[in-house]
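Colleague: The following block contains a protein sequence and its predicted model.
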Amino acid sequence: MSDERFEGARLDYRDTMTYGDYLCLDAVLDAQRPRSGDHNEMLFIVQHQTSELWMKLALHELRAARARLAADDLPPAFKMLARVSRIMEQLVHAWDVLATMTPSEYSAMRPHLGSSSGFQSYQYRQIEFMLGNKNPVMLRPHAHRPDLHAQVARALAEPSLYDEAIRLLARRGFALAPGDVERDWSQPRGFSEPLEAAWLAVYREPERHWGLYELAEELIDLEDAFRQWRFRHVTTVERIIGFKPGTGGTAGVAYLRRMLDVVLFPELWKVRTDL
């Protein structure tokens, strides 16, 4: 008897591209290589690998959004930034799955991790640089791989997403300090009162500056989602390893907590008090 589920479907795929072929599933699903023999290590690997895939997409969207801002093409940039905020939500929920790992379970596999650590994620570092948290010291964990070091160094030297938003404000006629518009992009930027005044003018007359107003809110959404990702990271790490040092030599939870105090778009947050 024929199975109605396959009615009209092609059943012989020998000479055409299949689902597995298109997604390169053989390579993707063969990339999980547990080293400890412990049952829970698969969770640890899959969680981090899927997070890296989401980060790859986030970088793809952030780079495209930055290019759109540089070209004064705002509507596509809004869509891209909204997508990145949704990606951040996926990354937040990924910690919920990893949090099912207990300290005892993690201890069974930790000796097999060597010095590997999320601190060494070159995609995460590029996201931070793209969002404006520039720190040349953070190139050091990638010095052992010249190809990766070059990628991260390029992200450090390029204008951040926020830098391009600021340059857009200048092109729209807002009076900004010269150092807000052109500077050494590899260095962290300080708080700018002229920039604060520009964003305040946008928020006071949103109908007049609707595109910039919407951009500002997309940036706030993005930082809000990024903060939640960071916070969930901290609480998950503390839940599993407490205040032990990280495997990559960092201070672990203490370091992650300091990162919670980083503000990416300070003038946009200060405007909330000014209004």
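Modeller: The structure has been received and is ready for your questions. Numbering: from 1, shown residues only.

Colleague: number of nearby residues for Glu218?
Modeller: When neighbours are counted by other CB atoms under 10 Å, Glu218 registers 20. No exception for glycine: its C-beta is placed from N, CA and C like everyone else's.

Colleague: List the buried residues for the helix or strand containing it?
Modeller: Using DSSP states H and E, the element containing Glu218 is helix 210-241. For helix 210-241, burial by neighbour count (16 or more other CB atoms under 10 Å) applies to 212-216, 218-223, 225-227, 229-234, 236-241.

Colleague: Mind giving me the packing neighbours of it?
Modeller: The elements that helix 210-241 packs onto, with contact taken as 3 or more CB pairs under 8 Å, 6 or more residues apart in numbering; DSSP states H and E, are helix 74-98, helix 103-109, helix 161-171, helix 193-204, helix 253-259, helix 266-274.

Colleague: how big is the angle separating that helix from helix 74-98?
Modeller: Counting by axes from the mean of the first three to the mean of the last three CA atoms, to 10 degrees, helix 210-241 lies at 10 degrees to helix 74-98.

Colleague: mean confidence for helix 210-241?
Modeller: Mean pLDDT, computed over helix 210-241, is 94.

Colleague: follow-up on the earlier one: mean neighbour count, the helices and strands packed on helix 210-241: which tops it?
Modeller: helix 161-171 (a mean of 21; mean count of other CB atoms under 10 Å).

Colleague: right, and the helix or strand after that helix?
Modeller: The C-terminal neighbour of helix 161-171 among helices and strands, as given by DSSP H and E, is helix 178-181.

Colleague: still on that earlier bit, lowest-confidence stretch among the helices and strands packed on helix 210-241?
Modeller: The minimum mean pLDDT among the helices and strands packed on helix 210-241 belongs to helix 253-259 (a mean of 82).

Colleague: which residues touch that helix?
Modeller: Under the criterion CB atoms under 8 Å, 6 or more residues apart in numbering, residues Arg230, His233, Val234, Val237, Glu238, Ile241, Gly242, Phe243, Gly246 lie in contact with helix 253-259.

Colleague: mind redoing it with 6 Å?
Modeller: Arg230, Val234, Val237, Glu238, Phe243 (CB atoms under 6 Å, 6 or more residues apart in numbering).
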